[in-house]
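Visitor: need the 3D shape of this:
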Amino acid sequence: MDNHLTIVDHPLVQHKLTLMREKDTSTAVFRQLLREISQFLAYEVTRELPMTNKVIDTPLMEMDAPVLAGRKLALVSILRAGNGLLDGMLELIPSARVGFVGLYRDEETLQPVQYYFKVPTELNKRLVIAVDPMLATGNSSAAAIDLLKKAGATNIRFLCLLAAPEGVARMKEAHPDVPIVTAALDERLNEKGYIVPGLGDAGDRMFGTK
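Guide: Below is the predicted model:
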């Protein structure tokens, strides 16, 4: 198994992803499925969080019980589609700090351009999980990770719903220290940069825009 890429092949994840891929799935159902899958993915991406112990009282006795250690997590949504993963993850990790990175692709240069950046303090002391449903070319994802590193983040993971081989390769080249967790590695990108077979534009399907 490639340590850089983890594919979450849990049956419920794969089943829900198939429903999301179907073109006739409604916006409301798509959004609900994304929220549900995001919690399974959050479970995987947080598997190795550092733990410590604290003394608590159960109804029967005192015990030394495990709790999360260190600074609160930082979840960073890559706008706008990242918000769909963010919502579900926050239900699971409500105390997480939240940041946003806004990037768009310049149609002439095809390079990502930053238009918004707001992240929690002390990123160097936090596990930072960047979320975006689609890892396609990998250019905007790599640019978002660049920005997070400039802001001090040293322990970063990238969480997506679907990945293309081209995007995984681009991220591995740009950020070999950032593990990727995804629900599926699809076949390829088409000539327009969409993941194939994919599920179309995640943002449009989530928000009902075209």
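Visitor: flag the shaky bits of the protein, pLDDT-wise.
Guide: Scanning the chain for pLDDT under 70 picks out the ranges 1-2, 110.
Visitor: residue boundaries of the helices in it?
Guide: Taking DSSP state H, the helices of the chain run over residues 11-21, 27-45, 82-92, 139-150, 165-174, 202-207.
Visitor: okay, these in TSV with distance to residue 122 and mean neighbour count next?
Guide: In short, each C-beta sits where N, CA and C put it, glycine included. Formatted as TSV, these follow (distance: least, Cβ to Cβ, whole Å; neighbours: other Cβ atoms under 10 Å):
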stretch	distance to residue 122	mean neighbour count
helix 11-21	32	16
helix 27-45	20	19
helix 82-92	19	21
helix 139-150	13	20
helix 165-174	24	18
helix 202-207	30	19
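Visitor: quick one: closest of those to residue 159.
Guide: helix 27-45 (5.1 Å; Cβ to Cβ).
Visitor: let's have the helices of the chain in CSV, adding distance to residue 186.
Guide: CSV is the format used below for the helices of the chain (distance: least, Cβ to Cβ, whole Å):
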stretch, distance to residue 186
helix 11-21, 10
helix 27-45, 15
helix 82-92, 17
helix 139-150, 15
helix 165-174, 8
helix 202-207, 13
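Visitor: so which of these gets nearest residue 127?
Guide: Residue 127 lies closest, by Cβ to Cβ, to one member of those: helix 27-45, at 9.1 Å.
Visitor: from the contact counts, what lies against the closest one?
Guide: Helix 27-45 is packed against helix 11-21, helix 82-92, strand 155-159, strand 180-182, helix 202-207, with contacts defined by 3 or more Cβ pairs under 8 Å, 6 or more residues apart in numbering; DSSP states H and E.
Visitor: what's the angle between it and strand 155-159?
Guide: 140 degrees (axes from the mean of the first three to the mean of the last three Cα atoms, to 10 degrees).
Visitor: picking that back up, just send the helices and strands packed on helix 27-45 back as CSV, with distance to residue 171 too.
Guide: Listed next are these as CSV, based on distance: least, Cβ to Cβ, whole Å:
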stretch, distance to residue 171
helix 11-21, 20
helix 82-92, 15
strand 155-159, 7
strand 180-182, 6
helix 202-207, 17
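Visitor: mind listing what the nearest residue to residue 104 once chain neighbours are set aside touches?
Guide: Among residues not flanking residue 104 along the chain, residue 113 sits closest, at 5.6 Å (Cβ to Cβ, 6 or more residues apart in numbering). By Cβ atoms under 8 Å, 6 or more residues apart in numbering, the contact set of residue 113 is 103-106.
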